[in-house]
Every structure is written in C-alpha cells, then in structure tokens.
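>>> Any chance you can model this:
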Amino acid sequence: MNALPITLPEAAALLAPLGRFPRVALAVSGGPDSLALAYLAARWRAAQTDGPALSVLTVDHGLRSTSRGEAEMVARFASELGLPHSILTWEKSGAPGTSLQARARAARYDLMAAHCHADTVPALATAHHLDDQAETFLMRLTRGSGLDGLAAIPERGSWAGIAVLRPLLEVPKARLVATLDAAGVAFVSDPSNVDPRFERARWRASSAALATLGLTPEALALSARRLRRAREALDRAAEEFLAINSEISEAGYALIAGDALAAAPHEIALRALAQLIGAVGGGETAVRLAKLEALLVALQADPGKPRTLGRCRIEPYAGRLGIFREVRGAGLPIAELLPGQKLLWDNRFRIELAAKAAKPILVKALGESGWRALRDRSALASSLPRLAGRTLPSCWRDDRLLGVPALGRAGEDESYGLACRARFVSVGGGKTLEQGLV
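Numbers count the residues shown, from 1 in each chain. You can find the predicted model right below:
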C-alpha cells in the first residue's frame, strides 16, 4: 500500500509541542526527512495567528564535495517557505576514520546548540522518525545495551541547555517522502545512507528481511516506546535520589553523598552518576554502561582514589564525592566575545557581554594561576573547590583578568566594571539528549 502524505491537521497535532517555545530552530540537512519537517512546520505556523518564530539551521559538515551545494539548496527552500536560514560549518578535528559519523553527529549538535544560545533560541527540532527509532533499537541490541539503550531515541531531550524536540518520531519515513512528493519538493539523498561501511546503512539494507520475521519498524518502535516508559520511571527515582543526596553548583561542579551512593540500588546509583557526569562534563555523548558500571565498582572498592570518566574527574571533597570538569590535552576553549554577543563556552556555560561594554573580551578557563589570584581577593572564590575554580570561564583583556562572571560581582575587578554574565546551563536538572545507560 502506498504511503499517504501527512495532512495539515495531522501536522498540527504532531508539531503542537513546538508551540510551548517562543522561538524554535529546525535542523534541516536537505534530505527528505528534514525537508518534510521544514515544509510541515512552515505550513503549520502559517495557519496560526500566534506561535513560535521558526528558523532553519543547516550544518555543512564538509564530508562530501556536494555538502555546500546541498546547504545552499536548503537556504533557497527556506526562503521559499519564508523562514530565515543559517549555514553552520564544521571544522573537523580528531584522527581520520575514528568514529567519523559519531563525531560529525556530535559536532552538528554542538554547532546548532551554540548558534541557538547566541541567537536566544531555546529549542531545536529534528526530523528523526519511526524508521530511525527501529534502526537505533537494533543497533543498541547488538551491543548488549541496557534499558536506556533499547529505549532508543527520546521524544524530547536537551543538548547543552537547548531543548531538543522530535515531533516526527512516530511517523514512518515513507509518509515524509510522500508528503514531499505530493508538494513537488525535490530532495537530496546522502550516499552514506546506503554505504555498507556504516552500521545504520547495513541495518537499513536488512529491513525487508527483518520484516518477514515480524521485526517491522512499527513493532520495534513499539518495544522502544514501552521500554521508554520504564526508563522514565527509573529516571524519576534517580532524580528523587539526587534531590536528597546531591547538589549541582552554578560554578559547574557537583557533590554527592558517597555513603548514600554506595547504599542505593545499583540501577539508581548508575543513573545518578550518569546524570551528574553528563551535567558537569558538558560532553553530550552517552557514557557507555560498561564504563559506568566499572566506575561504580571502583568507587565502592576504593572511594578515596580519584577517577576520570566523561570529561570529569571524580574524587572525595569535604566528606562527599566531588565531580569536576577534567582538564587534559589542549585544555579548555578560548573564544573572543564581542559587545552584545552571547556564546556557549565548553558546552557548559552560556556567556553574554553587555552591548555597553567598551571592547571585546577573551573568554578562557581561569586556570591555576588565575584561580590563585582570584582567591586572594574574593572570599566566595576561596570557598570553592580548586578543581572547580580553575575550570570556570574567566574574562580577560590585555592579559589582565577582568573577572569570573559565574561568580557574579564577587569575581569581578570593579575597576573595570565588567558587564558580563554567565549561566551554567546544566543547573536545574533534566537529562541531556544522550545521557543514559547505553
């Protein structure tokens, strides 16, 4: 049976969650799934007297010679829909061939989240659909994933403090293609989608054979949805445990009672650690369940020994277990911030320099020497753990430390009157897009 296009009333029901936000960015690559999202969202918004301001983001990952042209094609399509569009370019880093698709995916979200912070857009919508859900379930199954992994793709998550919505998660891909065909909208096909070097492409090629065994996308997505219910119940229990036994500081670190962690049910302890590591580390890629299990065992066997996982350093502090941002290799980011500009720093802090500021500033980690200097002039700074203090974003001009905006006026050189604010985006709880036990 041929797939039917999505009607406007159906689109209105699917896209209703977007209406809770004043502004929403749509992640659009040029493929049929995301073009359908943009087309449906534009029609849905045009049919309303009020609703979110929509914009379109396309990441040029540079992995194919045609990627720039595809991004420009999306720009023309967005213009036809009356939506503003931005192209974000990925500057590749890391060793060639090392999990290229995973790195590209993380980079896409990092770029889009940074753009959303800079443009005061609180939510990002992606076009993941039912077939994606089924493929993710199978991929996780082969890795021996636990409950969280098999719950697959969440309908809503966050990335570096930006809400991520997936309104099409229950829609088969065939209906998205049918929607574009009916509207006469052309789209591009990513050759990696059928390249057998990539795992997802191999599963996609096996879909017909799996369907003859009853493993249809609908059946697999149903299993994922039911597992997601169980995951949500366990997550709530973990959040209640954390509310009693831990705290996340606006200075970018967390503390948890080690005895309570040791006494908690194993599953709750794992989830609690995963949430705190995800919040403090700023790394949105999931920590592998096996590594998290090994960390918990190690902490129970020798709680006094420092450990590292997920861009975090975990060690005792003031009678509790402290979780701090780890510093290694090239260190933490360095970025110029112009007057009136906002930026996302280290995927952890949203920083804004007031338009009235006289000159740009340089934002970088406070570091050991900066921490010692600030500690000498600020009682609040001296009360913070050293490991947390040295990884705070600090503001500099002409090699002079102007202040540490995450500490408010306590971290400011009043002779400069620094008009800069910083917010730790993980404060306030909530899971990140990829946190969990996979």
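
>>> what's the neighbour count on residue 63?
14 (other CB atoms under 10 Å). C-beta: built from backbone N, CA, C; applies to glycine.

>>> Please, where are all the strands along the stretch 151-300 of the chain?
Using DSSP state E, counting those that start in this stretch, the strands of the stretch 151-300 of the chain run over 156-159, 162-165, 246-248, 254-256.

>>> lowest-confidence stretch among the ones you listed?
Confidence, taken as mean pLDDT, is least for strand 156-159 of these (a mean of 88).

>>> which helices and strands sit right next to that strand?
Using 3 or more CB pairs under 8 Å, 6 or more residues apart in numbering; DSSP states H and E, the elements in contact with strand 156-159 are helix 100-118, strand 162-165.

>>> before we move on, the earlier item: of all the strands of the stretch 151-300 of the chain, which one is nearest residue 311?
Of all those, strand 254-256 sits nearest to residue 311, with 13.1 Å by CB to CB.

>>> What are the contacting residues of the closest one?
Contacting residues not belonging to strand 254-256 are listed as 242, 245-249, 272, 276, 279-280, 317-318, 320-323 [CB atoms under 8 Å, 6 or more residues apart in numbering].

>>> rerun at 6 Å
Here strand 254-256 makes contact (CB atoms under 6 Å, 6 or more residues apart in numbering) with 245-248, 276, 280, 320-323.

>>> swap in stretch 35-47?
Here stretch 35-47 makes contact (CB under 6 Å, 6+ apart) with 11-12, 15, 26, 28, 51, 54, 56, 81, 83, 127, 176, 179-180, 187.

>>> Can you name every helix or strand that the helix ranked longest in the chain contacts?
Scanning the chain for the helix with the most residues, using DSSP state H, yields helix 217-245. Packed against helix 217-245 by the contact rule (3 or more CB pairs under 6 Å, 6 or more residues apart in numbering; DSSP states H and E) you find helix 130-142, helix 147-150, helix 266-281.

>>> what's the angle from that helix to helix 266-281?
With axes from the mean of the first three to the mean of the last three CA atoms, to 10 degrees defining the directions, helix 217-245 sits at 80 degrees from helix 266-281.

>>> buried ones in helix 217-245?
Neighbour counts over helix 217-245 (16 or more other CB atoms under 10 Å) mark 217, 220-224, 227-228, 231, 234-235, 237-239, 241-242, 245 as buried.

>>> How about stretch 326-336?
Quick answer for stretch 326-336 (16+ other CB under 10 Å): 326-327, 332, 335.

>>> Give me the subset of those lying in strands.
Judged by DSSP state E, the buried residues of stretch 326-336 include residue 335 as members of strands.

>>> Report the lowest-confidence entry in the buried residues of stretch 326-336.
Of all the buried residues of stretch 326-336, the one the model is least sure of by pLDDT is residue 327, with 87.

>>> farthest pair in the contacts of strand 254-256?
Using CB to CB, the two most remote members of the contacts of strand 254-256 are 245 and 280, lying 15.7 Å apart.

>>> Quick one, grab the pLDDT at the nearest residue to residue 165 once chain neighbours are set aside.
When the adjacent residues along the chain are set aside, residue 165 lies closest to residue 125, with 4.6 Å between them (CB to CB, 6 or more residues apart in numbering). On pLDDT, residue 125 comes in at 97.

>>> Run through the stretch 151-300 of the chain and note the low-pLDDT ranges.
190-197, 284-285 (pLDDT under 70).

>>> quick revisit: only the buried subset of the contacts of strand 254-256, as a PyMOL command please.
Listed next is the PyMOL selection for buried residues among the contacts of strand 254-256, using 16+ other CB under 10 Å:
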select buried, resi 245+246+248+276+280+320+321+322+323
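
>>> hmm, back to that, look up the residues forming beta bridges with the residue nearest to residue 165.
residue 26, residue 165 (DSSP bridges).

>>> burial of it, as a residue count?
Neighbours of residue 125 (other CB under 10 Å): 26.

>>> Residue 62 versus the closest residue to residue 73 other than its chain neighbours, what's the distance?
Excluding its sequence neighbours, the residue lying closest to residue 73 (CB to CB, 6+ apart) is residue 30, at 5.7 Å. Between residue 30 and residue 62 the computed distance is 14 Å (CB to CB, to the nearest Å).

>>> Same check on residue 316?
Distance from residue 316 to residue 62, counting by CB to CB: 44 Å.

>>> about what we covered before: could the strands of the stretch 151-300 of the chain go into JSON lines alongside distance to residue 405?
Formatted as JSON lines, the strands of the stretch 151-300 of the chain follow (distance: least, CB to CB, whole Å):
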{"stretch": "strand 156-159", "distance to residue 405": "22"}
{"stretch": "strand 162-165", "distance to residue 405": "20"}
{"stretch": "strand 246-248", "distance to residue 405": "18"}
{"stretch": "strand 254-256", "distance to residue 405": "20"}
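
>>> For the stretch 301-438 of the chain, which segments are assigned as helices?
Ranges of helices in the stretch 301-438 of the chain, per DSSP state H, counting those that start in this stretch, are 367-377, 379-382, 386-389.

>>> Quick one: distance of the longest one to the chain centre.
If you compare the mean C-alpha spot of helix 367-377 with that of the full chain, they lie 31 Å apart, counting by CA atoms, centre = their mean, to the nearest Å.

>>> Then stretch 362-374?
Remark: stretch 362-374 is offset 27 Å from the chain centroid, using CA atoms, centre = their mean.

>>> If you count neighbours, what's buried in it?
363-367, 370-371, 374.

>>> Just list the residues touching residue 17, thanks.
Per CB under 6 Å, 6+ apart, neighbours of residue 17: residue 165.

>>> Which secondary structure state does it sit in?
helix (DSSP: H, G, I helix; E, B strand; the rest coil).

>>> so the residue nearest to residue 73 makes contact with residue 70?
Yes: using CB atoms under 6 Å, residue 30 makes contact with residue 70 at a distance of 4.1 Å.

>>> More neighbours: which of these two?
Comparing residue 30 with residue 70 by other CB under 10 Å, the one with more neighbours is residue 30, at 22 against 18.
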